[in-house]
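Peer 1: Sequence and predicted model, in that order:
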Amino acid sequence: MTDQMISADVIGEHNKSNEAALGSDYAALGENLSRRGIDIEAITKKVSEFFVAVPSWGVGTGGTRFARFPGQGEPRGIFDKLEDCSVINELTRATPTVSLHIPWDKTDPKDLKAKGNSLGLGFDAMNSNTFSDAPGQAHSYKYGSLSHTDAATRAQAVEHNIECIEIGNAIGSKALTVWIGDGSNFPGQANFTRQFERYLSSMADIYKALPDDWRLFSEHKMYEPAFYSTVVQDWGSNLLIAQTLGDKAFCLVDLGHHAPNTNIEMIVARLIQFKKLGGFHFNDSKYGDDDLDAGSIDPYRLFLVFNELVDAENRGVKGFHPAHMIDQSHNVTDPIESLISSANEIRRAYAQALIVDRKALDGYQQDNDALMATDTLKRAYRTDVEPILAEARRRAGGAIDPIAAYRKSGYRKKVAGERPAVVGGSGGIV
């Protein structure tokens with residue numbers, strides 16, 4: 001028996017008032033898809049089985065370099081975070097795992113596992129932090145971590161990542177995501193080649209500590225916090241890292257870590273082709289790494305990314321099982337609502353990609369019929385698949401309209417009364 005953060009009665013009453021309308025919409029969509037040779041039940045089943053992890057840090061209010069404005073009822077620590085994450089899963093039935101960040105979420109692994117079990121939550125990839133200094137650490141990461149010129153600093157960063165593996169192994173995680181802020185702010189500050197060599201050597205030490213059934217994800221980022229150069233700045237460097245380290249090393253694609261107009265879906269296709277796509281951090285951006293809600297700026301691009309994923313799924317690409325996680329910073333919204341919305345938008349893109357007429361698309365591509373090929377994609381994208389998403393949630397015990405049910409539950413007001421208010425004024429993420 002799991003603890004319920006949202007009363008089953010709240011969800012039940014909400015669904016009861018919306019079931020008739022959903023039934024009508026689902027039947028109409030099913031008829032429409034049937035004329036196109038698509039079985040709505042098959043799509044609903046696949047959507048029901050698609051899950052995305054939520055980040056523990058995502059349920060707190062984020063910030064910019066200039067300020068952070070705390071929200072009401074912010075989580076006081078990892079156990080509050082897990083309860084907020086549970087709310088998202090109870091309403092969407094799409095987010096049964098949580099991705100932890102160490103040292104932010106560091107506590108006794110037994111307590112973590114027990115809390116997760118009580119809430120019906122598992123744990124996804126572990127995330128290390130060598131982009132900021134933890135209280136009491138011996139060596140600072142101001143000038144880098146895994147690529148630092150000082151061997152003792154590099155060793156400290158390696159040791160921290162190994163600790164993340166050990167914690168993750170104790171709670172059932174199967175992957176480690178490594179993102180570093182290493183780079184340089186001025187031309188000439190760092191030797192690009194030697195810096196990358198030091199990074200590869202450090203990552204090799206971390207790789208050796210991986211359990212046999214684990215994967216290592218390296219994440220690239222175009223800029224920030226190093227503004228002249230970053231050590232892992234693009235997918236090319238990321239691919240070199242994964243190929244150099246070995247079979248358990250893969251590339252993680254954060255949708256926000258790219259310059260405007262970058263063809264992210266083509267990067268995804270390339271990484272799939274060379275069997276090095278490890279997974280995703282889903283968000284959105286306007287100028288690069290804004291960490292906005294998934295699908296809030298360019299939902300068509302999100303669909304195009306999933307078009308490549310479904311293509312690989314249909315082709316039965318060997319070893320293809322990318323990890324899916326949300327990575328966002330919520331500054332002006334209730335973080336729980338934003339994560340609910342993002343989880344639904346990710347499933348929406350998946351559902352739309354599933355209804356692409358693959359046979360027709362392949363024929364148009366072979367015939368070089370550019371107009372009809374792109375129209376085939378647009379036809380799937382323009383289809384309102386919301387009834388499929390809502391029905392998948394309803395059948396799994398979630399809410400037909402999860403944000404409406406969340407607001408009706410009064411959860412935010414409840415935790416605001418239980419958790420002390422946080423004083424604002426600082427910058428940065430949670």
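Peer 2: Arrived safely. Because the structure is predicted, anything quoted here is derived from the model rather than measured. Numbering: from 1, shown residues only.

Peer 1: what about the helices in the stretch 101-250 of the chain?
Peer 2: With DSSP state H, counting those that start in this stretch as the criterion, the stretch 101-250 of the chain has helices at 109-119, 151-171, 192-208, 235-245.

Peer 1: and the last one, what does it pack onto?
Peer 2: When you say that, I think you mean helix 235-245. Applying 3 or more CB pairs under 8 Å, 6 or more residues apart in numbering; DSSP states H and E, one finds that helix 235-245 contacts helix 192-208, strand 215-219, strand 249-254, helix 264-273. C-betas here are computed from N, CA, C, even on glycine.

Peer 1: what's the pLDDT at the residue nearest to residue 237 when sequence neighbours are not counted?
Peer 2: Of all residues not flanking residue 237 in the chain, residue 220 sits nearest, at 6.2 Å (CB to CB, 6 or more residues apart in numbering). Looking at residue 220, its pLDDT reads 97.

Peer 1: for residue 63, same thing?
Peer 2: Residue 63 is assigned a predicted lDDT (pLDDT) of 83.

Peer 1: Please apply the same query to residue 1.
Peer 2: 67.

Peer 1: Also residue 287?
Peer 2: 89.

Peer 1: wait, is it part of a helix?
Peer 2: No - counting by DSSP: H, G, I helix; E, B strand; the rest coil, residue 287 is not found in a helix; it is coil.

Peer 1: so who does it touch?
Peer 2: Neighbouring residues of residue 287 by CB atoms under 8 Å, 6 or more residues apart in numbering: residue 260.

Peer 1: Any regions of the protein where pLDDT drops low?
Peer 2: Within the chain, the stretches with pLDDT under 70 are 1, 424-430.

Peer 1: What residues sit buried inside the lengthiest helix in it?
Peer 2: The residue-count maximum for a helix in the chain (DSSP state H) belongs to helix 8-35. Neighbour counts over helix 8-35 (16 or more other CB atoms under 10 Å) mark 10, 11, 14, 15, 18, 22, 25, 26, 29, 30, 33 as buried.

Peer 1: could you say what helices and strands it packs with?
Peer 2: If you count contacts as 3+ CB pairs under 8 Å, 6+ apart, helix 8-35 packs onto helix 40-48, helix 386-395, helix 402-409.

Peer 1: Distance to residue 150 and mean neighbour count for the ones you listed - can I get that in JSON lines?
Peer 2: Below are those laid out as JSON lines (distance: least, CB to CB, whole Å; neighbours: other CB atoms under 10 Å):
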{"stretch": "helix 40-48", "distance to residue 150": "49", "mean neighbour count": "17"}
{"stretch": "helix 386-395", "distance to residue 150": "51", "mean neighbour count": "22"}
{"stretch": "helix 402-409", "distance to residue 150": "48", "mean neighbour count": "20"}
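
Peer 1: In a markdown table: those helices, plus distance to residue 340.
Peer 2: What follows is those, written out as a markdown table (distance: least, CB to CB, whole Å):
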| stretch | distance to residue 340 |
| --- | --- |
| helix 40-48 | 16 |
| helix 386-395 | 10 |
| helix 402-409 | 5 |
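
Peer 1: just to revisit the earlier point, save the helices of the stretch 101-250 of the chain as a markdown table, and put in distance to residue 371 and mean neighbour count too.
Peer 2: Formatted as a markdown table, the helices of the stretch 101-250 of the chain follow (distance: least, CB to CB, whole Å; neighbours: other CB under 10 Å):
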| stretch | distance to residue 371 | mean neighbour count |
| --- | --- | --- |
| helix 109-119 | 50 | 16 |
| helix 151-171 | 49 | 19 |
| helix 192-208 | 44 | 17 |
| helix 235-245 | 30 | 19 |
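
Peer 1: can you redo the ones you listed as a markdown table with distance to residue 127?
Peer 2: Below are these laid out as a markdown table (distance: least, CB to CB, whole Å):
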| stretch | distance to residue 127 |
| --- | --- |
| helix 109-119 | 14 |
| helix 151-171 | 7 |
| helix 192-208 | 13 |
| helix 235-245 | 16 |
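
Peer 1: Residue 126 is nearest to which of those?
Peer 2: Distance to residue 126, taken as CB to CB, is lowest for helix 151-171 among the helices of the stretch 101-250 of the chain, at 3.9 Å.

Peer 1: Show me what the closest one is packed against.
Peer 2: Packing partners of helix 151-171 (3+ CB pairs under 8 Å, 6+ apart): strand 101-102, helix 109-119, strand 126-128, strand 175-178, helix 192-208.

Peer 1: Tabulate these (JSON lines), appending distance to residue 297.
Peer 2: Conversion of the helices and strands packed on helix 151-171 to JSON lines gives the following (distance: least, CB to CB, whole Å):
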{"stretch": "strand 101-102", "distance to residue 297": "24"}
{"stretch": "helix 109-119", "distance to residue 297": "32"}
{"stretch": "strand 126-128", "distance to residue 297": "24"}
{"stretch": "strand 175-178", "distance to residue 297": "23"}
{"stretch": "helix 192-208", "distance to residue 297": "31"}
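
Peer 1: Out of these, the one nearest residue 214 is which?
Peer 2: Ranking the helices and strands packed on helix 151-171 by proximity to residue 214 (CB to CB) places strand 175-178 first, at 6.0 Å.

Peer 1: Tell me the strands beside that closest one, with direction?
Peer 2: With DSSP bridges as the test, strand 175-178 is paired with strand 126-128 (parallel), strand 215-219 (parallel).

Peer 1: Looking at the helices and strands packed on helix 151-171, which is nearest to residue 378?
Peer 2: Nearest to residue 378, of all the helices and strands packed on helix 151-171, is strand 175-178, at 33.7 Å by CB to CB.

Peer 1: what comes into contact with that closest one?
Peer 2: Contacts for strand 175-178 (CB under 8 Å, 6+ apart): 99, 124-128, 146, 161, 164-165, 168, 203, 206, 210, 214-219, 252, 278-279, 323.

Peer 1: out of the helices and strands packed on helix 8-35, which comes closest to residue 293?
Peer 2: helix 402-409 (12.0 Å).

Peer 1: same for the closest one, what does it pack against?
Peer 2: For helix 402-409, the packing partners by 3+ CB pairs under 8 Å, 6+ apart are helix 8-35, helix 78-92, helix 335-354.

Peer 1: and the gap between residue 363 and residue 357?
Peer 2: With distances taken as CB to CB, to the nearest Å, residue 363 is found 9 Å from residue 357.
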